[in-house]
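S.K.: Here is a sequence together with a model predicted from it:
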Amino acid sequence: MGTKFVFKWSKKITPSQVVHLIKTERNVDKALAIFDSATAEYANGFRHDHSTFGVMISRLVSANKFAPAEDLLDRMKVEKCDIREDIFLSICRGYGRVHRPLDAMRVFDKMKGFQCEPSQKSFITVFDILVEENQLKIALRFYRHMKEVGVPTSVASLNILIKALCKNGGTMDSALHIFHEMPNRGFPPDSYTYGTLINGLCRFGKITEAQELFEEMKTRDCSPSVVTYSSLVHGLCQSKNITEAMGLLEEMKSNGIEPNVFTYSSLMDGLCKDGHSSEATELLETMVSKRCKPNTITYSTLIHGLCKEGKLQKAVEILDRMKLQGLQPDAGLYGKIISGFCDINKFQEAANFLDEMVLGRTLLNRLTWSLHVRIYNMVVQGLCTKSDLSRAFQLYLSMRTRGISVEAGTFETLMKSFCKKEDLNKAAHIVDEMVIAGCIPEEGAWSTLLCAFWDQRMVQEAVELFQVELMSEFAESDIEIQDEAF
């Protein structure tokens with residue numbers, strides 16, 4: 001099963017030795033080789049048990065090696081090893097982590113076949129995975145199944161049910177109904193219950209109701225967590241209540257709760273949308289001083305806000321900081337900065353960022369296609385207006401190479417610019433490629449090209465030669481007619 005590995009065991013090998021070696025080996029393939037090496041000691045009386053199988057399965061699941069993990073599970077059954085619930089749950093949680101909820105449910109369904117009766121813990125774990133992965137219909141069916149097989153209701157199971165109902169605006173009222181019924185049924189709501197409802201209410205714009213619950217939870221000795229604070233901060237920012245959101249930030253600090261990256265990013269988003277990108281920049285410095293590391297969303301929010309206010313130099317500085325932190329800007333971020341430079345007619349700087357996108361291997365895919373088309377055409381046309389035709393043509397060739405659509409306006413702008421520079425070969429070449437691309441030049445474009453050829457006497461000479469040839473043909477015809485007349 002694993003990598004070939006030469007390992008010398010002591011005369012009396014024990015499961016605890018094997019567990020220790022597997023845990024301390026950082027490479028999962030080598031850990032599996034240790035496990036297999038121990039298997040070779042079966043001839044000397046050693047047997048893997050629940051602990052050795054369990055730790056190896058856990059290591060495999062952590063490395064997303066689910067097939068060999070399930071193979072070991074099957075092997076435990078063959079070897080009649082004691083199979084406990086925690087091994088199944090480790091595999092289920094692993095599948096949940098990699099967004100494979102149906103596989104988690106499949107493994108859960110195998111438990112009875114291994115003479116392992118799922119407990120309330122197993123049911124709640126799988127229920128939570130289904131809800132987290134938005135498999136809401138399956139989750140609600142699973143919850144009904146839990147009730148049918150006699151799994152007792154608990155605050156934990158009701159919290160997950162409320163979380164499922166909070167994911168849809170149409171079922172928020174049902175979530176609130178369950179919440180209000182919980183104390184009557186002997187299940188007092190906890191901080192997680194309140195936090196889930198506050199998050200759901202904020203998501204659907206019901207900020208007043210969320211604030212009421214927030215105040216209520218404090219009177220019920222349910223301390224708001226950083227997640228609850230952040231949900232309400234985000235909701236307030238989305239509804240443009242920036243002052244209240246900033247007040248919550250101060251309340252968090254006074255209560256000894258450190259804001260997280262989501263809290264800061266939400267506040268920065270609200271400030272930027274309200275036209276206060278300078279304050280958002282100050283907030284970035286605050287979060288960094290608190291050793292809260294900004295993420296891609298934090299930087300994107302701030303760069304969008306700075307570009308919107310025309311503060312391009314500061315936006316570029318933030319972009320550089322982002323890259324120094326090892327985060328890769330996406331096409332949307334570059335697009336904002338490039339559009340900003342185009343708006344102030346700094347097309348050379350915009351072109352530099354296009355080059356940076358290519359060098360940074362920014363993905364050109366279905367989602368960013370239209371953005372690439374828009375910014376490339378904008379920059380090429382802008383460079384032409386600034387008489388930087390050489391750079392414009394280089395970008396045009398890059399567009400053709402990368403398969404980025406060239407707009408009719410870009411073809412015409414390039415052709416007119418080449419005509420103006422009297423480079424008629426390239427002008428004619430652009431028109432050829434324009435027609436091949438399915439773009440029909442307008443009458444003005446044809447006129448520009450023909451006039452350019454005429455000005456260089458190329459068309460004029462061709463027409464004169466054509467006229468001389470045509471006149472000679474007419475003269476020959478006249479002679480023939482005269483001869484035939486007599």
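M.R.: Arrived safely, thanks for sending.

S.K.: count of residues packed around the closest residue to residue 31 other than its chain neighbours?
M.R.: Nearest non-adjacent residue to residue 31, counting by CB to CB, 6 or more residues apart in numbering: residue 25, 4.3 Å away. Where you see a C-beta, it was placed from the backbone N, CA and C, and this is true even at glycine. Number of residues near residue 25 (other CB atoms under 10 Å) recorded here: 17.

S.K.: so residue 25 touches residue 35, yeah?
M.R.: No: look at residue 25 against residue 35 with CB atoms under 8 Å: they stay out of range, at 9.7 Å.

S.K.: Please tell me how far residue 46 sits from residue 389.
M.R.: 78 Å (CB to CB, to the nearest Å).

S.K.: Can I get stretch 246-262 in PDB, CA atoms only?
M.R.: Below are the C-alpha coordinates for stretch 246-262, written out as PDB (Å, rounded to 0.1, in the frame of the first residue of the first chain):
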ATOM      1  CA  MET A 246     -17.300  52.200  14.400                       C
ATOM      2  CA  GLY A 247     -18.900  52.400  17.900                       C
ATOM      3  CA  LEU A 248     -19.200  48.600  18.000                       C
ATOM      4  CA  LEU A 249     -15.500  48.400  17.200                       C
ATOM      5  CA  GLU A 250     -14.700  50.500  20.300                       C
ATOM      6  CA  GLU A 251     -17.100  48.400  22.300                       C
ATOM      7  CA  MET A 252     -15.300  45.200  21.300                       C
ATOM      8  CA  LYS A 253     -12.000  46.700  22.300                       C
ATOM      9  CA  SER A 254     -13.300  47.800  25.700                       C
ATOM     10  CA  ASN A 255     -14.700  44.300  26.300                       C
ATOM     11  CA  GLY A 256     -11.300  42.800  25.600                       C
ATOM     12  CA  ILE A 257     -12.400  41.200  22.300                       C
ATOM     13  CA  GLU A 258      -9.900  41.600  19.500                       C
ATOM     14  CA  PRO A 259     -11.400  42.400  16.100                       C
ATOM     15  CA  ASN A 260     -10.500  39.900  13.400                       C
ATOM     16  CA  VAL A 261      -9.700  40.400   9.700                       C
ATOM     17  CA  PHE A 262     -13.400  40.200   8.800                       C
END
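
S.K.: what about it, average pLDDT?
M.R.: Averaging pLDDT along stretch 246-262 yields 93.

S.K.: Could you list the buried residues of it?
M.R.: Residues of stretch 246-262 classed as buried by neighbour count (16 or more other CB atoms under 10 Å): 246, 248-249, 252, 257, 259, 262.

S.K.: Let me know how buried the residue nearest to residue 260 when sequence neighbours are not counted is, in neighbour terms.
M.R.: Spatial nearest neighbour of residue 260, chain neighbours left out: residue 226 (5.4 Å); criterion: CB to CB, 6+ apart. Residue 226: 15 surrounding residues under other CB under 10 Å.

S.K.: what do you get for residue 316?
M.R.: Applying other CB under 10 Å, I find that residue 316 has 18 neighbouring residues.

S.K.: Please read off the pLDDT at residue 153 from the model.
M.R.: 95.

S.K.: what does residue 4 give?
M.R.: 52.

S.K.: Please apply the same query to residue 272.
M.R.: Reported pLDDT for residue 272: 95.

S.K.: host element of the residue nearest to it when sequence neighbours are not counted?
M.R.: Distance criterion CB to CB, 6+ apart; nearest residue to residue 272, sequence neighbours excluded, is residue 305 at 2.5 Å. Assigned by DSSP states H and E, residue 305 belongs to helix 296-308.

S.K.: which parts of that helix are buried?
M.R.: 298-307.

S.K.: Now residue 192. Nearest residue, chain neighbours left out?
M.R.: Per CB to CB, 6+ apart, closest to residue 192 is residue 159, 5.2 Å.

S.K.: The one helix or strand that neighbour maps to: what's the following helix or strand?
M.R.: Following DSSP H and E, one finds residue 159 within helix 155-165. Going down the chain from helix 155-165, the next helix or strand is helix 172-181, by DSSP H and E.

S.K.: picking that back up, give the rounded mean pLDDT of the next helix or strand after the helix holding residue 305.
M.R.: The helix or strand immediately downstream of helix 296-308 is helix 312-324, counting by DSSP H and E. Mean pLDDT, computed over helix 312-324, is 93.

S.K.: For helix 312-324, list the C-alpha coordinates in CSV.
M.R.: Taking C-alpha atoms only, helix 312-324 is exported to CSV below (Å, rounded to 0.1, in the frame of the first residue of the first chain):
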residue,chain,number,x,y,z
LEU,A,312,-4.1,56.0,-7.7
GLN,A,313,-0.7,56.5,-6.3
LYS,A,314,-1.9,55.3,-2.9
ALA,A,315,-3.7,52.4,-4.5
VAL,A,316,-0.5,51.3,-6.2
GLU,A,317,1.3,51.5,-2.9
ILE,A,318,-1.3,49.2,-1.3
LEU,A,319,-1.0,46.9,-4.3
ASP,A,320,2.7,46.7,-3.7
ARG,A,321,2.2,45.9,0.0
MET,A,322,-0.2,43.2,-1.0
LYS,A,323,2.4,41.5,-3.2
LEU,A,324,5.1,41.9,-0.6
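
S.K.: Could you pull out the buried residues of that helix?
M.R.: For helix 312-324, by 16+ other CB under 10 Å, it's 312, 314-316, 318-319, 322.

S.K.: for these, which one is nearest residue 267?
M.R.: residue 318 (16.0 Å; CB to CB).

S.K.: is it true that that closest one touches residue 306?
M.R.: Yes: Residue 318 sits in contact with residue 306 when judged by CB under 8 Å, with a separation of 6.7 Å.

S.K.: Now for those two: what residues contact both?
M.R.: Here residue 318 and residue 306 have residue 281 as joint contacts, going by CB atoms under 8 Å, 6 or more residues apart in numbering.

S.K.: Pull the residues that contact whichever helix or strand residue 52 is part of.
M.R.: Take DSSP H and E as the rule and residue 52 turns out to sit in helix 50-62. With contact meaning CB under 8 Å, 6+ apart, helix 50-62 is reached by 15-16, 18-19, 22-23, 28, 31-32, 35, 38, 66, 68-69, 72-73, 75-76, 81-84, 86-87, 90-91, 93-94.
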